[in-house]
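**Student:** sharing a model prediction with you, sequence too.
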Amino acid sequence: MDRAHGLPFLLCGPGPLRPIARAASVVPMPHTILLIDADAKRALAVAQALTAARQDGPELCTAASLEAACTHIAQGGVDLVVCARLLPDGAARSLAPRLGGLPAIVLVEPGREAEAADAMHAGFSDYAVCDAAGSYLAVLPTQAKAAFERARAHGTLLRQHALLEAILHTQAQFITARGDSHAPMRALLPRLLDLTGSAFGFLGEVEHGPDGLPALCVHAITDIAWDGGSRGRHAASAQEGMVFSNLDSLFGAALSTREPVLSNDPAADPRGSGLPPGHPPLTAFLGLPILAGDRLVAMLGLANRPGGYAGADAQFLQPLLGAIGQLVQARRAETANRVTQARLQAATAQLAQKTHALEDTLDSMAQGIIRIGSDDRVQLYNPRLLELLDLSADLMARHPTLREVGQLMIERGDYDGPASMIEPPLRTQLVRELATGEGHLPEDYVRRTPGGRVLQVHTRRTADGGRVRTFTDVTARHDSEHALRIATAEIERLAYYDELTGLPNRRQLQTLLADAVRRAAEAGVHGAPPRPASTARCCTWTSTTSRASTTRSATAAATSCWPRWRSASRRRSMRRPRWGGPAATSSPSSSTACTRRRRRPRPKPRRSRRPSSPH
């Protein structure tokens, strides 16, 4: 929006801020009487009677014809009209349409009372019968005063009526404008100018910047453009408005003090800085801040009322200003509410979108998931959970407690026996948690369902005291691991045992021998461990080198075990059918013959001829 280059530049300027009580003195409105009479003698008598009623005397203007009287009335400043019944250019009744609400007294001759009534019906306030004795002159000042007071009272009523109409019109404009303050204020400003008799003015809202200082955003301003630049700025302000932020000015004083600012001599007022070149002269200014409660929300500026402004003008406009303040505040509240509603709708739409995305994600998850609140009640779950745990959708739809779900699973035997793959201590904790809500389960454990699924269960605690538990189907992995263990055992059997005889093969002997060497080296043993005499088949001999001694000891230890393996293998081979021979069932005689077979004596080990090491 454009900065202040239009109307209130006339109000801008340095100078100390002063309260309204110290503003320039108000010029009183003069009481001017227009006397219209072609009879000079009667006109002089009437003038003397009217001026003698007051010490200072009213200002008296005279006219001898209707044409001259109309000229005076058009110039303004006339408060009361006294007119003779008949004038050279017409009757007094024909002047009634030109009065414009001015109080008027018609002077009639005796016997012409009917014409006086006709004039009063046309718009005159009163009449006086001009008798030859001149007694009417004694009561004429009283009649003039009464007519003037009645006219003032009637004018006040009309202004108040116009004020009420302006209030109603403003309310209707603000209601139908739907949050736009420009249109209602542009429609209201001409009414305010008519009510106060001002030549031009402005009306706008007050906004506070980041520094807390007020600035006036003008929504309505009188077009007083005097050159191309000012006309362009006024046209731009009609669309975007103007911003006046200079507080060192007449309108700035109203914004700073929140009090009416009245100046009937702006050129000499120290709070103004004069006018830009070409600006129309400024003769009077009235700045009225508009409050809503204790908050400054708007401001009205009026200028160039004939005769200046008075404090009564500010008081007269207070009802309308109060209504404007409440309407502006209501409009701001409505705007803020619309912004809040828009944000709420956007947040709601975003939340709905996220909720939909979350539901899609939960529905497409391969894991079953359940969220349990701090009140031990199910808050969230997905369809996969119902499938894995074989739970009813109707049960979970009413968000049951964990105890209800657990009781159902306990009753149907989900955790009974070794088939559940849960160790007894863990099974006890699990049943206690499901049945009573107590107990502390490990974060991860594996269980089998009655349907044969193997599930890995993971539990995570939330910040609000709830729990999120996931169920992963690891049946395929479990079966694969079991099959792998069986295959590994079979491969190991094929690697270390002969397929035909079922006896340990050379590879197993070498493995056992290497393992014995390793354990002997780790234990620091350089010979075979002592064995009972009945089972000893070899003796230990030493060598000069530790490595040779260790190797021989390991060899002796492995060799000592060979007769037992051989006997066991022989017994197994007796139960097996021979390749191409008879069945495994052999006769006792053959068995006895085998057992009585003479064994070949083992050669005795030679003792080392070298002396053993002293160490």
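**Tutor:** Arrived safely.
**Student:** Gly111 should be in a strand, yeah?
**Tutor:** No. Gly111 sits outside any strand when classified using DSSP: H, G, I helix; E, B strand; the rest coil, being coil.
**Student:** do you know how far it is from Val129?
**Tutor:** Separation of Gly111 from Val129 (Cβ to Cβ, to the nearest Å): 9 Å. Using the backbone N, CA and C atoms, a C-beta is placed for each residue, glycine as well.
**Student:** what's the answer for Asn264, then?
**Tutor:** According to Cβ to Cβ, Asn264 stands 43 Å off from Val129.
**Student:** coming back round to it: the more surrounded of Gly111 and Val129?
**Tutor:** Val129 (14 against 8; other Cβ atoms under 10 Å).
**Student:** surely that one is in contact with Glu113?
**Tutor:** Yes. Contact between Val129 and Glu113 holds when scored by Cβ atoms under 8 Å: they sit 6.9 Å apart.
**Student:** so where do the helices sit in the stretch 151-300 of the chain?
**Tutor:** For the stretch 151-300 of the chain, helices defined by DSSP state H, counting those that start in this stretch occupy the ranges 182-196, 228-240, 250-257.
**Student:** the stretch 451-600 of the chain now?
**Tutor:** With helices called from DSSP H, counting those that start in this stretch, the stretch 451-600 of the chain shows them at 475-496, 506-523, 546-560, 562-575, 588-595.
**Student:** and these, which one is worst for confidence?
**Tutor:** Of all the helices of the stretch 451-600 of the chain, the minimum mean pLDDT falls on helix 588-595 (a mean of 43).
**Student:** so where is this protein shaky, pLDDT-wise?
**Tutor:** The chain contains residues with pLDDT under 70 at 1-30, 53-57, 178-181, 224-241, 273-274, 276-278, 417-419, 435-440, 526-615.
**Student:** let me see the domain layout of it.
**Tutor:** Annotated domains of the chain cover 2-21+178-336, 32-157, 368-479, 497-576 [automatic domain parsing].
**Student:** for those, give me JSON lines that also has distance to Ala346.
**Tutor:** Listed next are the domains of the chain as JSON lines, based on distance: least, Cβ to Cβ, whole Å:
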{"stretch": "domain 2-21+178-336", "distance to Ala346": "16"}
{"stretch": "domain 32-157", "distance to Ala346": "53"}
{"stretch": "domain 368-479", "distance to Ala346": "25"}
{"stretch": "domain 497-576", "distance to Ala346": "73"}
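**Student:** quick one, which of the ones you listed is packed in tightest?
**Tutor:** Highest mean neighbour count among the domains of the chain (mean count of other Cβ atoms under 10 Å): domain 2-21+178-336, with a mean of 19.
**Student:** how near is the closest residue to Ala104 other than its chain neighbours to Phe200?
**Tutor:** Leaving aside its sequence neighbours, Ala104 sits nearest to Val81 (Cβ to Cβ, 6 or more residues apart in numbering; 4.0 Å). Distance, Val81 to Phe200, by Cβ to Cβ: 30 Å.
**Student:** surely Val474 meets Val446?
**Tutor:** Yes. Between Val474 and Val446 a contact is recorded at 7.2 Å, counting by Cβ under 8 Å.
**Student:** remind me which helix or strand Leu302 belongs to.
**Tutor:** If you go by DSSP states H and E, Leu302 is part of strand 295-303.
**Student:** so what strands line up beside that strand?
**Tutor:** The strands beside strand 295-303 in its sheet (DSSP bridges) come out as strand 200-208 (antiparallel), strand 285-292 (antiparallel).
**Student:** how far out from the middle of the chain is it?
**Tutor:** Computed by Cα atoms, centre = their mean, to the nearest Å, the separation of strand 295-303 from the middle of its chain amounts to 31 Å.
**Student:** for that strand, list the C-alpha coordinates in CSV.
**Tutor:** The C-alpha coordinates for strand 295-303 follow below in CSV (Å, rounded to 0.1, in the frame of the first residue of the first chain):
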residue,chain,number,x,y,z
ARG,A,295,-8.0,-1.5,22.0
LEU,A,296,-7.4,1.1,19.3
VAL,A,297,-8.9,-0.4,16.1
ALA,A,298,-9.7,2.6,13.8
MET,A,299,-9.6,6.3,13.3
LEU,A,300,-11.8,9.0,11.7
GLY,A,301,-10.4,12.2,10.3
LEU,A,302,-12.7,15.2,9.3
ALA,A,303,-11.6,18.5,7.9
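**Student:** and it with helix 182-196, angle?
**Tutor:** Here strand 295-303 runs at an angle of 50 degrees relative to helix 182-196 (axes from the mean of the first three to the mean of the last three Cα atoms, to 10 degrees).
**Student:** got a list of contacts for strand 295-303?
**Tutor:** For strand 295-303, contacts defined as Cβ atoms under 8 Å, 6 or more residues apart in numbering pick out 7-8, 10-11, 192-193, 196, 198-206, 214, 216, 251, 254-255, 258, 282-291, 309, 317, 321, 324-325, 328-329, 332.
**Student:** could you check the angle it makes with helix 250-257?
**Tutor:** 160 degrees.
**Student:** and the residue nearest to Ala323 when sequence neighbours are not counted, how far is that from Leu302?
**Tutor:** Excluding the flanking residues, the one nearest Ala323 by Cβ to Cβ, 6+ apart is Ile167, at 4.8 Å. Counting by Cβ to Cβ, the gap from Ile167 to Leu302 is 17 Å.
**Student:** try Leu107
**Tutor:** In this view, Leu107 and Leu302 are 39 Å apart by Cβ to Cβ.
**Student:** now do Ile33
**Tutor:** Distance from Ile33 to Leu302, by Cβ to Cβ: 29 Å.
**Student:** Val446 now?
**Tutor:** Counting by Cβ to Cβ, the gap from Val446 to Leu302 is 87 Å.
**Student:** Val525 now?
**Tutor:** Using Cβ to Cβ, we find Val525 at a distance of 118 Å from Leu302.
**Student:** kindly report the same for Val405.
**Tutor:** 77 Å.
**Student:** now do Ala153
**Tutor:** Between Ala153 and Leu302 the distance, using Cβ to Cβ, works out to 24 Å.
**Student:** Tyr381 now?
**Tutor:** Tyr381 is 71 Å from Leu302, where distance means Cβ to Cβ.
**Student:** check Ala314 too.
**Tutor:** The gap separating Ala314 from Leu302 is 10 Å, by Cβ to Cβ.
**Student:** which neighbours do those two have in common?
**Tutor:** Counting by Cβ under 8 Å, 6+ apart, the common neighbours of Ala314 and Leu302 are 286, 288.
**Student:** surely the residue nearest to Ala104 meets Ala63?
**Tutor:** No. With contact defined as Cβ under 8 Å, Val81 does not reach Ala63; the gap is 9.6 Å.
**Student:** and for these two, which residues touch both?
**Tutor:** 34, 36, 69.
**Student:** redo these as a markdown table? Include secondary structure.
**Tutor:** As requested, those are arranged in a markdown table below (three-state DSSP):
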| residue | secondary structure |
| --- | --- |
| Leu34 | strand |
| Ile36 | strand |
| Ala69 | helix |
